[in-house]
Structure formats: structure tokens, C-alpha cells
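Participant: take this sequence and fold it.
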Amino acid sequence: MKRKTLIKRLSAAALAIGLFTGAILLDPFAAGDGRVFADEQVHSVYTNELIPSAQASQRPIAVMMPTDKKAQPSYGIGNAKVLYEVMEEGEISRQLAIIDDWQGLSRIGNIRSCRDYYISLATEWDPILVHFGGVYYMADRISAPDINNLSGVSEYGSGGEAPGSGYFFRTTDRKAPHNAYINGEGITNACNALGYSLSTRPEHYNAAHFKFAEGVNSLEQYGNAVPGSVIDLSNIFTYTKSYFTYNPETGLYAKNLHGKAQTDALTGQQLTFANVIIQNTKWSKRDAKGYLAFQTIDSTGDGYYFTKGRGIHITWKKTSDYSPTQYFDDNGNEIQLNTGKTYIGIAQDGRAVLYS
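Facilitator: Next comes the predicted model:
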């Protein structure tokens, strides 16, 4: 009788500890050290939010999505924990969405073509790259053995393979090229067929990405902080004239595209971010067609970091494809991001962000 009472007391205590720590602690008299965890939670490398440990070990997807007015809104873009926006030829920007919880998405896209500088941005997350073709400047990199990609058509221009192309689909609600999609089940099946790992690869994956604040970083500690209630990127992205507005009630920045809220077609909700980074980047024009090159691996770049209605000047560096991009304040300290999603605008050097 005493043993049963002791077991009940230990079980209750174990359950209380499990609830307190965010993990459910089962059967304290199980084999081994006596502890069995279900749904143990860890901090996300993308947002610092608590997520199931099983999700943390899964590879994200990096999806090419358009900013074209006729292509809005995109499906699944609201799941992007890190969203890049970069200029392309023709003064039109494109987006690279890093999505870790993609498995259950019924529709992702529409999906557009890739450029080589997106590969450099994406690889630091060791993702499965999802795109619909590309240009010949990316031929060597996209066909390298370390790159796992799914492409609806030939990988680069008119050349290369089309890995996983049979798992993409087109819809009739929009005209091509704005109607190409894939879903979570299709990605899983394509990766299994191609032999791609769905778990992060230890030989490539680097978990040391953003440095997150303990608590809230209001930037009040910086005497030279600039106002950041409105972040205007119209000088940087002249076609979309992207801009952000800060909501002090939510503590988040709402993203706007083409003069109105940018939303996710799956949910209807506007995209919001806790952190907005503008990353000034060296660039050049490659040819008469206007194809661009960006120097995403560098040690002398600068930019701005905005959060909680303020901004500071920063510098950034990245040493290799798989190494994380690091951001520093003017004192040389790595900046501390707030918990939540992050937008990174890759700005052409010479095009200034406006803020107020």
C-alpha cells in the first residue's frame, strides 16, 4: 500500500515538472534512467519559439515566391520563419521563404525560378530548395552534389535536370507563370524518391544562426537608435514599393506590397515580423539582359536592424555558403533579435532604406 501511494505521489510530481518545463514526463519507473519524454520542446533556431524537438531536426524548405502583382497572394508564405526579398532583373524583386513546418501545407506557391545568389542565401539553412527552373548562371551550383533541390522544369535555363518535377502541379485560377505549386505531401514523396534526407544533415547544418535576446530587446540601450515605426523600401524595391508598419499593440511589423497588405492565401492573414533587417550588399549587372550578381559572402557589409519601433545601424558578415550570416551593432556586439519571425531585405548598395 505504501509503495502504491509513493508511486502516485512520484507520478504527480513528475507530471507537474513535465508541465512546468513544457514536456510531458511519462512513467517515472520506466526503463533506463526512469524518464520518458513525449513532445519535448526546444527553442527554434529560426524564431526562438518553443517547438517539438522532432520538428527541430527536420529540414526546412526554401521556396522561390514572386512579388508580381498578378501573382498575389501566395500560398503558405505566412509559414515562412525567415523571408528574404532580393531584386532581380527588370527591377522586380523575388522572395525566398524559409519554411520549417511545411509538411501539412496543402498548397505552396506559386513557385518561380531561382538565381544563384538565392542558393547562397538558402544554403546556410541546409534546406530543400524548391523552385521552377532558373538561369544558366546557377548551372554549376545547382547541380553540385550537396544541393538538394526540387524543380518543376529544367534546373537552369534550358539545361540541367528537373528533379521532382512530377510532384508539382498547375491550377486554372491563374495564368502561367503564376499558377505552379507543390504541397507538403508532394515534397515528402519527391524527397523520398530522390533519396534526399528529410532530417538536417550534420555535415552541412549549422544551428548557430541568430542570437536571440533573453526577454525583449527594445533597442532603448542605443543612444543613436533611429525611429522605426514605418520602414519604407520603395528606394530598394521600386516595383513593389514594399513597406512595413509597426503595431505597438502586437509588437510586430506588418508587411505591405503594392500599396496594400501582403497576405497568405491559405489564411488570409497579413504577414508580420518581429525583426526587420536591411542588408546592404555589393552587386553588379552581369549582361545586357540585366541579370544581377550579389556578393552575399562578405565581411564588410552594413545595413539596419529594426524592432519594437526603433532601428540601429549594423554590419554583417558571412564567410561561406553554409556558415550563418552574422549581424553586429556599431560596438562590435552581435545583435540580439526578438523572438519571432525575421524579414531580410537584401538591398543593392546605394539604395537607401527610409524610416520614420
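
Participant: make it CA atoms for all contacts and neighbour counts henceforth
Facilitator: Noted.

Participant: in the sheet, who's paired with the residue positioned nearest the centre of the chain?
Facilitator: The residue at the geometric middle of the chain, judged as the C-alpha nearest the mean C-alpha position with Cα atoms, centre = their mean, is residue 82 (2.4 Å). For residue 82, the beta-bridge partners are residue 98, residue 342 (DSSP bridges).

Participant: got it, and residue 294?
Facilitator: When bridges are called by DSSP bridges, residue 294 pairs up with residue 283.

Participant: ok, back up a step: my guess is the residue nearest to the centre of the chain contacts residue 277. True?
Facilitator: No: assessed by Cα atoms under 8 Å, residue 82 is found out of contact with residue 277, at 10.6 Å.

Participant: any idea how far the closest residue in space to residue 99 that isn't next to it in sequence lies from residue 161?
Facilitator: When the adjacent residues along the chain are set aside, residue 99 lies closest to residue 80, with 4.5 Å between them (Cα to Cα, 6 or more residues apart in numbering). For residue 80, the distance to residue 161 (Cα to Cα, to the nearest Å) stands at 27 Å.

Participant: got the residue ranges for the helices in this structure?
Facilitator: With DSSP state H, the ranges of helices along the chain come out as 2-21, 53-56, 116-123, 139-142, 184-194.

Participant: could you give the number of residues near residue 333?
Facilitator: 11 (other Cα atoms under 10 Å).

Participant: where does it land on pLDDT?
Facilitator: The predicted local confidence for residue 333 comes out at a pLDDT of 97.

Participant: centre of the chain to stretch 154-172, how far?
Facilitator: Between the mean C-alpha location of stretch 154-172 and the chain-wide mean there is a distance of 22 Å, by Cα atoms, centre = their mean, to the nearest Å.

Participant: with neighbour numbers in mind, choose between residue 80 and residue 161.
Facilitator: The residue with the greater number of neighbours, taking residue 80 and residue 161 and applying other Cα under 10 Å, is residue 80; the counts read 24 against 17.

Participant: right, and the more buried one touches residue 95 too?
Facilitator: No: in terms of Cα under 8 Å, residue 80 does not count as a neighbour of residue 95; the distance is 10.5 Å.

Participant: contacting residues for the residue nearest to residue 174 when sequence neighbours are not counted?
Facilitator: By the measure of Cα to Cα, 6+ apart, the closest residue to residue 174 outside its immediate chain neighbours is residue 71, 8.0 Å from it. The neighbourhood of residue 71, defined by Cα atoms under 8 Å, 6 or more residues apart in numbering, consists of 110, 174, 178.

Participant: then residue 343?
Facilitator: 82, 83, 84, 85, 273, 275, 276, 277.

Participant: what is the nearest of those to residue 261?
Facilitator: When these are ranked by distance to residue 261 (Cα to Cα), residue 273 comes first, at 13.2 Å.

Participant: what's the burial count for the nearest residue to residue 325 once chain neighbours are set aside?
Facilitator: Closest residue to residue 325 apart from its sequence neighbours, by Cα to Cα, 6+ apart: residue 318 at 4.6 Å. The number of residues packed around residue 318, counting by other Cα under 10 Å, is 20.

Participant: list the residues that contact the nearest residue to residue 103 once chain neighbours are set aside.
Facilitator: Sequence neighbours aside, residue 184 is the residue nearest to residue 103 in space, at 4.4 Å (criterion: Cα to Cα, 6+ apart). Contacts for residue 184 (Cα under 8 Å, 6+ apart) come out as 102, 103, 104, 105, 106, 107, 108.

Participant: per-residue confidence for the third one?
Facilitator: So the one you mean is residue 104. Note for residue 104: predicted pLDDT of 96.

Participant: I'd assumed residue 186 was in contact with it.
Facilitator: No: applying Cα under 8 Å, one finds residue 104 not in contact with residue 186, separated by 10.4 Å.

Participant: so the two - more neighbours on which side?
Facilitator: Neighbours per residue, other Cα under 10 Å: of residue 104 and residue 186, the larger number sits with residue 186, 21 against 9.

Participant: for the more buried one, which non-adjacent residue is closest in space?
Facilitator: The spatially closest residue to residue 186, leaving aside those adjacent along the chain, is residue 167, at 5.2 Å (Cα to Cα, 6+ apart).

Participant: how far away is the one you found from residue 286?
Facilitator: Separation of residue 167 from residue 286 (Cα to Cα): 33 Å.

Participant: cool, residue 306 as well?
Facilitator: Here the criterion is Cα to Cα. By it, residue 306 lies 32 Å from residue 286.

Participant: and those two? Which one has more around it.
Facilitator: Legend: neighbour count by other Cα under 10 Å for residue 306 and residue 286, higher for residue 306 (28 against 12).

Participant: who does that one bridge with?
Facilitator: When bridges are called by DSSP bridges, residue 306 pairs up with residue 276, residue 311.

Participant: first-to-last residue distance for stretch 204-216?
Facilitator: For stretch 204-216, the first-to-last residue distance is 31 Å (Cα to Cα).
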